[in-house]
Every structure is written in C-alpha cells, then in structure tokens.
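>>> need a 3D model of the following:
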Amino acid sequence: MSSWQLVAVGLVMLLGLLGVLVPGIPGPLLVWAGLLWWTVADTSPLAWAVLIGATALLLLNQVLKWLLPTRDLRAVGAPYRSLFLAGTAGIVGFFVVPVLGAPLGAIGGLYVLERVRLGSHGAAWASTRTVMRAIGTSVLIELCACLLVVGAWMGALLGR
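Got it, this is the predicted structure:
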C-alpha cells in the first residue's frame, strides 16, 4: 500500500472519529470502511485479524448502544458545541494517555466547557453529570470503540 493510500485511510478514520461526535454521520461505519480499505489493499494475515477483531468490537458497540437510552442533548440544555469539543478532547486524550485518556479527556473537557459557560463549579458539575447520564455514556462507548479500532490499525502499521 502506498503512502498516499495510508494517509487517505487515516483521513477516512479521522472523519469517522469526528463523525461519532456529529449527529447524522455514521462514525463507526466510516472507521470500519477505512479499515476494510486498508485490509483489502494489504491482504496480510495481520490486516485480516485486525479487521475481524474490529468488526466484532464495532458490532458489540452497536448492541451496547441499542441497550442504552437514546441521545437527546436538547432536553439536557447543553449546547452541541460542548459535546463536540468534549469529544475532541477525548480523541486527543486517547493519544496523550493511551486508552484511559479518552474518557478522562472527554469528561474533563465537558466539565471545563460547562464551567466556562455556567460560571460556577456546582452548576458545571451538575450539568456535566446530567449530560453524561443523558447522552455521554452512549457517545463515550462509541468513541472508545472507534478509538480502539484506530489504535489497533496504528499498532499494526507500527509493528511491521
């Protein structure tokens, strides 16, 4: 696989990660499609193993999402921008502190944004808890699953 194809696969996966945070964009499907593109072009046993594992993980993610309550950010009162920026902090956190940084970055980012928006610690903490109960758990599970898939892909690339 050429370098430009690897960059394109990485960009598709990045779009998928951002798609998790934006309603209407099928983030996990984009991450999986990028991985499928890489696997078909690479055809090594490692690539197929990563694809099979990622497929199982993303299917499990979909089952967990269906079991959780639906996402309705408008009912909570926090702006979409807060969720998007908190999710972006989770993506950055994943790469700063592998795996554990995703939930820490997302929840911490949401708290900081709500603190700036609302002004006090008590109101920001209450809003963060409410958002996490309403939608955050579902988004966080989906984001972590996609980040694990992207991390496995990067590990397979670097392990060669």
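
>>> now do the helices in this protein.
Here the chain has its helices, by DSSP state H, at 3-21, 27-42, 45-67, 73-76, 80-96, 101-118, 121-131, 137-158.

>>> could I get these as a markdown table with mean pLDDT and mean neighbour count?
Yep, even glycine has a C-beta here, placed from its N, CA and C like the rest. Formatted as a markdown table, those follow (pLDDT from 0 to 100; neighbours: other CB atoms under 10 Å):
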| stretch | mean pLDDT | mean neighbour count |
| --- | --- | --- |
| helix 3-21 | 90 | 17 |
| helix 27-42 | 93 | 20 |
| helix 45-67 | 92 | 14 |
| helix 73-76 | 62 | 14 |
| helix 80-96 | 84 | 20 |
| helix 101-118 | 87 | 20 |
| helix 121-131 | 86 | 16 |
| helix 137-158 | 89 | 20 |
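
>>> show me what contacts the spatially most central residue of the chain?
For the chain, the residue whose C-alpha lies nearest the mean C-alpha position (CA atoms, centre = their mean) is L143; its distance is 2.1 Å. By CB atoms under 8 Å, 6 or more residues apart in numbering, the contact list for L143 reads L17, V20, L21, G27, G87, G90, I91, A102, A106.

>>> same thing with G77?
Counting by CB under 8 Å, 6+ apart, G77 touches S127, T130.

>>> gap between it and I135?
From G77 over to I135 the distance is 12 Å, taken as CB to CB, to the nearest Å.

>>> roughly how far apart are the residue lying farthest from the centre of the chain and L110?
Within the chain, the residue lying farthest from the chain centre (CA atoms, centre = their mean) is S120, at 28.4 Å. S120 sits 16 Å away from L110, going by CB to CB.

>>> do the same with L36
From L36 across to L110, the span is 32 Å (CB to CB).

>>> what does A78 give?
8 Å.

>>> overlap in contacts, the two.
V131.

>>> ok, the contacts of L143 vs A47, which is closest?
Closest to A47 out of the contacts of L143 is L17 (19.9 Å), distances taken as CB to CB.

>>> identify the residues contacting the closest one.
G27, V31, I91, L143, C146, L147, V150.

>>> just the closest of the residues you listed to L68, please.
The nearest one, if we look at the contacts of L17 relative to L68 and count by CB to CB, is L143, at 13.4 Å.

>>> tell me how far that closest one lies from L6.
For L143, the distance to L6 (CB to CB) stands at 23 Å.

>>> so what's F84 up against?
Counting by CB under 8 Å, 6+ apart, F84 touches L21, V22.
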